[in-house]
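Visitor: need coordinates for the below:
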Amino acid sequence: MTLKGIVDKPMKNYLYDGTFNGLLTCIWHHYYNDKAKGIFVCDDYQWDMLTAAESVETDDRKALKVYKAVKEKISYTDLERIYRVLMSCRDEKEMIILRYLELGFKTGPAVSMLHGDPAVHAAQSAETDIANEIHRLKGLIRFRDLNFTYNGSDICYAGPDPAEVPSEDTGSIPYLPSREHPGTGAAGDIHIFYSDIEPKNDLIEFLAPHFCSRFREQSFIIHDVRRKKALFASKGSWYIGPLTRDQIPSPREDDMFFQKLWQGYFASIAIKERTNPRCQKNFMPMRYWKFLTELQDQK
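Guide: Below you'll find the model as predicted:
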């Protein structure tokens with residue numbers, strides 16, 4: 001292709017389904033078809049008459065080709081980085097990823113060391129933002145004990161069929177949910193811990209290793225109410241599935257008793273003369289307060 005042909009090659013917006021494989025498919029089209037002027041989730045795109053746009057159907061084979069190229073020509077660490085960036089709440093995160101990969105394919109594994117480059121700085125900033133929120137939520141998540149009768153089939157109210165969860169060979173995501181549905185066993189009353197959160201970033205799957213390690217023998221649900229999905233886990237196995245508030249059973253009768261105990265403990269250990277609301281809000285931002293048992297009465 002002549003230089004003029006490269007310069008004149010049209011650019012277009014690619015629209016995808018919001019999945020990691022969908023994004024990788026768009027990146028494949030960027031390199032093998034028309035250059036991407038922008039990459040957008042289909043449901044969020046505002047159509048206009050000045051820019052060509054193409055809806056891209058997710059193709060696992062094309063996605064896998066890009067997945068392997070990133071892993072082999074850059075690094076697996078950078079593959080994890082771009083996945084975390086995609087899960088962040090940053091504007092134009094798809095183009096942040098694309099610019100990072102463009103630089104990475106030129107420089108190789110050294111790309112992560114180019115801190116002064118705008119493409120690297122943007123990716124690192126988005127990754128740091130989601131990492132900070134993950135760290136906060138590990139300490140700020142509060143669980144309630146649900147009133148649930150187990151029927152002997154599955155503890156979860158919703159979720160994908162394990163047979164439909166893609167295998168690692170498809171290059172779907174670096175953090176593949178467990179194929180095993182938790183909670184198989186004898187029927188009867190069981191305890192399920194439940195927590196509802198509204199994180200800025202799409203991060204509940206990153207919380208799985210931490211809480212599965214803490215609650216090795218416990219069934220629990222971490223519910224992202226904003227995105228209407230949840231992390232379902234039991235005895236080390238976990239997966240992500242859809243969940244809405246109307247599917248949540250009521251708390252156990254003694255749950256309110258323990259909530260009052262915790263609120264009383266929180267109030268009793270506080271030193272009134274050393275109260276520092278500004279510092280408290282720094283470590284516990286107010287957007288999390290409505291989910292914190294000890295701060296239910298705070299404004």
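Visitor: which residues touch Arg287?
Guide: Residues counted as contacts of Arg287 (Cβ atoms under 8 Å, 6 or more residues apart in numbering) are 198, 200. C-beta: built from backbone N, CA, C; applies to glycine.
Visitor: mind checking how far it is from Asn276?
Guide: Arg287 sits at a distance of 19 Å from Asn276 (criterion: Cβ to Cβ, to the nearest Å).
Visitor: also Leu86?
Guide: Relative to Asn276, Leu86 is positioned 37 Å away (Cβ to Cβ).
Visitor: repeat that for Ser213.
Guide: Distance, Ser213 to Asn276, by Cβ to Cβ: 32 Å.
Visitor: hang on, the earlier thing: more neighbours: which of Leu86 and Asn276?
Guide: Between Leu86 and Asn276, Leu86 has the larger neighbour count (other Cβ atoms under 10 Å), namely 22 against 9.
Visitor: surely that one touches Phe20?
Guide: Yes: judged on Cβ atoms under 8 Å, Leu86 makes contact with Phe20 at a distance of 6.0 Å.
Visitor: look up the closest residue to Ile222, ignoring the ones flanking it.
Guide: Leu231 (4.3 Å; Cβ to Cβ, 6 or more residues apart in numbering).
Visitor: so that neighbour bridges to which residues?
Guide: Ile222, Ile240 (DSSP bridges).
Visitor: residue contacts, it?
Guide: So Leu231 contacts 204-205, 207-208, 211, 221-223, 238-240 (Cβ under 8 Å, 6+ apart).
Visitor: apply 10 Å and report the result again.
Guide: By Cβ atoms under 10 Å, 6 or more residues apart in numbering, Leu231 lies in contact with 177, 195, 203-208, 211-212, 220-224, 238-241, 243.
Visitor: then Tyr16?
Guide: Here Tyr16 is in contact with 22-27, 29, 39-42, 45, 54-58, 94 (Cβ under 10 Å, 6+ apart).
Visitor: tell me where the stretch 51-200 of the chain has strands.
Guide: 53-55, 144-150, 188-197 (DSSP state E, counting those that start in this stretch).
Visitor: out of the ones you listed, the one nearest His115 is which?
Guide: strand 188-197 (31.5 Å; Cβ to Cβ).
Visitor: buried sites along the closest one?
Guide: For strand 188-197, a neighbour-count test (16 or more other Cβ atoms under 10 Å) marks 190, 192-197 as buried.
Visitor: tell me the spacing between the spatially closest residue to Gln218 that is not a sequence neighbour and Phe283.
Guide: Of all residues not flanking Gln218 in the chain, Phe193 sits nearest, at 6.1 Å (Cβ to Cβ, 6+ apart). Phe193 sits 23 Å away from Phe283, going by Cβ to Cβ.
Visitor: mind checking which of the contacts of Tyr16 are in helices?
Guide: Among the contacts of Tyr16, the ones falling in helices (DSSP state H) are 22-27, 29, 94.
Visitor: ok, those residues vs Val120, which is closest?
Guide: Of all the ones in helices among the contacts of Tyr16, Val120 sits closest to Glu94, with 16.4 Å by Cβ to Cβ.
Visitor: burial measure for the residue lying closest to Ala69 once chain neighbours are set aside, as a count.
Guide: Excluding the flanking residues, the one nearest Ala69 by Cβ to Cβ, 6+ apart is Phe105, at 7.5 Å. Phe105: 14 surrounding residues under other Cβ under 10 Å.
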